[in-house]
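Asks: I'll drop the sequence and a predicted model, then ask my questions.
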Amino acid sequence: MWDRLLIDCHVATMDPAPGDPLGVIRNGSIGIQDGKVVRVGKRTELAGFRAKEVVALDGAWVTPGLIDCHTHLVFGGNRSDEHALRRSGASYEEIARAGGGIASTVARTSAASEPELLESARGRLHALMAGGVTTVEIKSGYGFDPGAELRLLEVARSLGASESVRVVGTLLALHALPRGRDRAEFVDEAVEQLIPAAAKAGLATSVDAYCETIGFSPEEVARLFKAAADHGLRVKLHAEQLSNQNGAALAAEHRALSADHLEYLDEAGARAMAEAGTVAVLLPGSFYALQETRKPPVELLREHGVRIAVATDCNPGTSPLLSPTLAMNMACTLFTLTPEEALAGMTINAAHALGLAKQIGSIAPGKAADLAVWRLESLVELGYWIGLPGPARRIFAGLDA
Ligand code: NIG
Ligand code: FE
């Protein structure tokens with residue numbers, strides 16, 4: 001006998017078929033056992049199965065729980081002061097070069113105690129969860145040194161252990177050069193100390209970097225990626241956000257799980273990503289907050305068959321965005337994604353961007369029973385409403401949470 005049987009619902013399995021991008025089962029039913037989906041199909045097909053609890057959903061839509069595959073959720077303070085500066089005309093780059101930006105969050109993060117970091121991040125995490133998120137990636141990147149970076153990943157891990165959400169830690173090893181530090185030494189430290197320590201402690205599954213004129217060069221990133229591979233870690237990259245550094249091609253060369261931002265991506269980069277299976281993670285929140293005008297080349301990604309994911313990029317500087325549903329709406333309105341693409345972007349394609357497509361991201365036997373139940377007439381509304389609160393029910397590992 002199964003634990004739960006969900007009935008009286010329409011299911012978007014996110015296992016697409018020709019002409020059916022969402023893999024819809026109308027009048028569907030989902031069987032759950034030990035936190036996993038055991039069977040999904042038409043209500044009539046599952047009629048013979050019994051469960052300890054039968055949950056009638058009144059004709060609601062069920063999707064996989066949302067996956068936010070790019071966040072910087074753990075940090076001290078906030079940067080509302082820079083928000084004001086930017087409104088009066090200063091650019092993100094100017095603020096960063098003047099010692100603000102990431103460096104200012106690094107300082108405020110260092111001044112915060114571990115409980116403070118944990119509780120401030122928990123508040124943001126709760127907002128994402130209320131929006132339907134069941135898996136969240138959390139990057140480090142606001143630490144001055146290896147100890148500070150590992151502390152952030154430990155906070156991320158504590159969040160996962162204490163909340164009904166799956167947390168995936170990413171070591172953002174090269175984010176900004178701390179003031180007064182020698183570049184080469186800082187990269188050496190990341191390669192020789194930080195990556196080995198994070199890998200040994202099992203605190204991250206991937207290594208990330210910020211490849212940009214105000215971040216790190218492709219050569220520095222290549223060194224980092226090699227070290228990541230030597231320690232059995234996958235890689236991802238903040239690429240082509242403010243300029244074209246050929247970061248996407250570099251990421252693809254290292255079989256990156258994803259290249260993220262991509263406003264300045266070119267055709268060679270898109271082709272390389274397609275060949276390597278590197279997911280394009282689009283971050284409309286930072287595009288919006290920075291009032292960028294150059295959009296990621298979505299048509300090029302489609303043409304080359306690159307998987308497209310969407311994430312909040314929740315961070316204090318470029319994307320103080322706490323709503324996954326708003327991220328989907330923005331991906332449609334600002335970047336011309338279809339609502340179906342936006343939903344795939346926060347489910348199955350986001351799972352690919354985290355290397356977890358076997359475990360999560362669609363509703364299929366053997367996958368986690370992480371689900372969102374939406375009282376909407378149609379799932380197209382996920383891309384339509386501006387500020388949709390979140391699902392009526394959120395199910396994590398088979399249980400309402
Ligand atoms: O994804 N661009 C670099 N990293 C973040 C911003 C971090 C910050 O400004 O604090 C991003 O946009
Ligand atoms: Fe980011």
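Replies: The structure has been received and is ready for your questions. Ligands and ions are numbered 1, 2, ... in the order given.
Asks: contacts, neighbours, all on C-alpha from now
Replies: Noted.
Asks: what's the closest non-adjacent residue to the closest residue to ligand 1 within the chain?
Replies: Using Cα to the nearest ligand atom, the closest approach of the chain to ligand 1 is made by G317 at 3.8 Å. Using Cα to Cα, 6 or more residues apart in numbering and skipping the chain neighbours, the partner closest in space to G317 is R79 (5.9 Å).
Asks: what's the answer for Q193, then?
Replies: Distances taken as Cα to Cα, 6+ apart put P146 closest to Q193, at 7.0 Å, once the chain neighbours are dropped.
Asks: how many neighbouring residues does the one you found have?
Replies: For P146, the count of nearby residues is 16 (other Cα atoms under 10 Å).
Asks: contacts only, for it.
Replies: Going by Cα atoms under 8 Å, 6 or more residues apart in numbering, P146 touches 189-190, 193-194.
Asks: how about a cut-off of 10 Å?
Replies: Applying Cα atoms under 10 Å, 6 or more residues apart in numbering, we find P146 in contact with 173, 189-190, 193-195, 197-198.
Asks: could the residues you listed be laid out in TSV, adding distance to S104 and secondary structure?
Replies: Below are the contacts of P146 laid out as TSV (distance: Cα to Cα, whole Å; DSSP: H, G, I helix; E, B strand; the rest coil):
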residue	distance to S104	secondary structure
A173	17	strand
E189	21	helix
A190	20	helix
Q193	24	helix
L194	21	helix
I195	24	helix
A197	25	helix
A198	24	helix
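Asks: what's the most distant pair in these?
Replies: Across the contacts of P146, the two members that end up farthest from each other (Cα to Cα) are E189 and A198, 12.5 Å apart.
Asks: mutual contacts of the two, please.
Replies: Shared contacts of E189 and A198 (Cα under 10 Å, 6+ apart): 146, 173.
Asks: if you count what's nearby, which of those two comes out ahead?
Replies: With neighbours defined as other Cα under 10 Å, E189 and A198 compare such that A198 has more, 26 against 15.
Asks: just want the most central residue of this structure.
Replies: By Cα atoms, centre = their mean, the chain has its centre lying nearest to C69, at 1.3 Å.
Asks: tell me the domain ranges of the protein?
Replies: 2-63+362-400, 66-353 (automatic domain parsing).
Asks: contacts only, for the residue nearest to the centre of the chain.
Replies: 135-139, 167-168, 258, 260, 281, 309-313, 345-347, 349-354.
Asks: swap in R97?
Replies: Counting by Cα under 10 Å, 6+ apart, R97 touches 91, 103, 214.
Asks: could I have the buried ones of these as ChimeraX selection syntax?
Replies: Selection of the buried residues among the contacts of R97 in ChimeraX, burial being defined by 16 or more other Cα atoms under 10 Å:
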select :103,214
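Asks: what is the neighbour count of A401?
Replies: Neighbour tally, A401, other Cα under 10 Å: 15.
Asks: was I right to think it contacts G65?
Replies: No: the criterion here is Cα atoms under 10 Å, and A401 misses it with G65 at 11.3 Å.
Asks: re the thing from before, state the phi and psi torsions of the residue nearest to the centre of the chain.
Replies: With angles defined as degrees, to the nearest 10, C69 sits at phi -90, psi 10.
Asks: what's the answer for A98, then?
Replies: The phi and psi torsions at A98 (degrees, to the nearest 10) take the values phi -90, psi 10.
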